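Participant: Fold the following.
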Amino acid sequence: MTDVALVGCAHIHVPGFIKRLQPRPDIRVRAVWDHEPARAEKRAAELGALAVAELDAIWNDPAITAAIICSETDRHLPLVLAGAAAGKHLFVEKPLGLGAADASQMADAIERAGVLFQTGYFQRGNPIHLFLREQVQHGAFGQITRYRQSNCHAGALNGLFDTEWRWMADPAQAGVGGFGDLGTHALDIMLWLLGEVESVTASLGMGTARYPACDETGEGLLKFKNGVIGSLAAAWDDIADPVTLLISGTQGQAAVFKGQLYFQSQRVAGADGKTPWTELPAAWPHAFDLFLDAVTGQPDAPLVSAREAAYRSAVMEALYRGAEQGTWVPVREER
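Facilitator: This next block holds a predicted model:
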């Protein structure tokens, strides 16, 4: 039995994580903390855990080997630094930081501590994304020229952030609005497939203006170091998101339409792009489950590194800066 703690209960994914924790016989949530005691007590009751008033009760407990940090983003830095100093393995909900500076500081602390790390980039485990990463690495597209990724839903239209998740529409606490909240998932896949970027810019919109303190929709442009031109769409204002990915290259192309992959390549037999491509690898477990597997001793779990997570915060910060300044912004990861 592995004992873990839930540190911060603010994130909208907390109820889902609790449902993943409850049936596991190999994991026990020993303690729950939140800066709002009522919130900690509610989640502790659901987990059969102890709600604690002081964080030191978690950091100083040798039986607790891992912490699941789901606080508001602006609270990540002190929590992660304390957790790493205490030698706890860390799951930190995305995005890791408000920007490059705090995210890099957290990555440094995690790497020094030598603890396991994971964040919530669950889209890596999608069979289509796994397949496309493999094909990119094998050169199936020839020279890739353009790449478009989209991740949108109707959160603002449906009032998703009207009540207990309202902080997620406050950039002072979340660091981003709708574009950054959903865009970080798409950005992770883009960077995972194509590598680092030179510079970025973006245009952000208020959308419905249901959440007037932040953006609800946006489009970003990215110049990758390998010459690819990328575009990124993310929003809380879309009733549908039928075309989520497009890759164009000199010898191949791929499109994901309504969850189905259409793949064409001069280098892959049968890849004519006319019908859905179904020869895909098995899906990975959810990113959160991968972390739980890793802390219980299962080897070789494909986790996101802290440095990868920090780089994504740096790129997203640059996209927001590009939107604010109306110009291209170079991406520099602080070390």
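Participant: Do you know the pLDDT at the residue minimising distance to the centre of the chain?
Facilitator: Centroid-nearest residue in the chain, with Cα atoms, centre = their mean: Tyr121, separated by 3.7 Å. Reported pLDDT at Tyr121 in the predicted model: 98.
Participant: Quick check, it in contact with Val304.
Facilitator: Yes - with contact defined as Cβ atoms under 8 Å, Tyr121 reaches Val304; the gap is 5.3 Å. For glycine as for every other residue, the C-beta is placed from the backbone atoms N, C-alpha and C.
Participant: what residues do those two have in common as contacts?
Facilitator: Common contact partners of Tyr121 and Val304 (Cβ atoms under 8 Å, 6 or more residues apart in numbering): 188, 287.
Participant: rewinding a little: could you pull up the contacting residues of the residue nearest to the centre of the chain?
Facilitator: 94, 184-185, 188, 287, 304, 309.
Participant: residues contacting Ser199?
Facilitator: Contacts of Ser199 (Cβ under 8 Å, 6+ apart): 222-223, 318, 328-331.
Participant: List the pairing partners of whichever strand or helix holds it within its sheet, with orientation.
Facilitator: Per DSSP states H and E: Ser199 is located in strand 197-205. Looking at strand 197-205 with DSSP bridges, its partner strands are strand 217-224 (antiparallel), strand 329-330 (antiparallel).
Participant: want to try a markdown table for the ones you listed, with mean pLDDT, mean neighbour count and distance to Gly83 as columns?
Facilitator: What follows is these, written out as a markdown table (pLDDT from 0 to 100; neighbours: other Cβ atoms under 10 Å; distance: least, Cβ to Cβ, whole Å):
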| stretch | mean pLDDT | mean neighbour count | distance to Gly83 |
| --- | --- | --- | --- |
| strand 217-224 | 98 | 22 | 31 |
| strand 329-330 | 98 | 16 | 31 |
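Participant: Just send those back as a markdown table, with distance to Ser150 too.
Facilitator: Formatted as a markdown table, the strands paired with strand 197-205 follow (distance: least, Cβ to Cβ, whole Å):
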| stretch | distance to Ser150 |
| --- | --- |
| strand 217-224 | 9 |
| strand 329-330 | 22 |
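Participant: which one of the contacts of Ser199 sits closest to Trp33?
Facilitator: Closest to Trp33 out of the contacts of Ser199 is Ala318 (32.9 Å), distances taken as Cβ to Cβ.
Participant: got a pLDDT number for that closest one?
Facilitator: pLDDT recorded at Ala318 is 98.
Participant: and it, how many neighbours?
Facilitator: A count of nearby residues for Ala318, using other Cβ atoms under 10 Å, gives 24.
Participant: tell me what the helix or strand harbouring it is packed against?
Facilitator: Following DSSP H and E, one finds Ala318 within helix 306-325. If contacts are counted by 3 or more Cβ pairs under 8 Å, 6 or more residues apart in numbering; DSSP states H and E, helix 306-325 sits against helix 100-113, helix 178-194, strand 197-205, strand 217-224, strand 329-330.
Participant: Let's have these in JSON lines, adding distance to Ile247.
Facilitator: Converted to JSON lines, these look like this (distance: least, Cβ to Cβ, whole Å):
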{"stretch": "helix 100-113", "distance to Ile247": "27"}
{"stretch": "helix 178-194", "distance to Ile247": "8"}
{"stretch": "strand 197-205", "distance to Ile247": "16"}
{"stretch": "strand 217-224", "distance to Ile247": "12"}
{"stretch": "strand 329-330", "distance to Ile247": "24"}
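Participant: Which one, of those, ends up nearest to Arg28?
Facilitator: Comparing the helices and strands packed on helix 306-325 by Cβ to Cβ, helix 100-113 comes nearest, at 22.7 Å.
Participant: low pLDDT regions in the protein?
Facilitator: 333-335 (pLDDT under 70).
Participant: can you pull the contacts of Val295?
Facilitator: So Val295 contacts 2, 4, 27, 65-66, 89, 116 (Cβ under 8 Å, 6+ apart).
Participant: who does the nearest residue to it once chain neighbours are set aside bridge with?
Facilitator: Once flanking residues are discounted, Val295 sits nearest to Ala66: 4.5 Å by Cβ to Cβ, 6 or more residues apart in numbering. Ala66 has these beta-bridge partners by DSSP bridges: Val4, His89.
Participant: so which of the contacts of Ser199 comes closest to Asp215?
Facilitator: Ala318 (15.1 Å).
Participant: hang on, that closest one packs against Pro330?
Facilitator: Yes - the criterion here is Cβ under 8 Å, and Ala318 meets it with Pro330 at 7.3 Å.
Participant: Need the contacts of Ser199 in TSV (columns: distance to Val80).
Facilitator: As requested, the contacts of Ser199 are exported to TSV (distance: Cβ to Cβ, whole Å):
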residue	distance to Val80
Leu222	27
Lys223	31
Ala318	22
Trp328	31
Val329	26
Pro330	26
Val331	22
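Participant: Which of the residues you listed sits closest to Pro242?
Facilitator: Using Cβ to Cβ, these come closest to Pro242 at Leu222, 22.1 Å.
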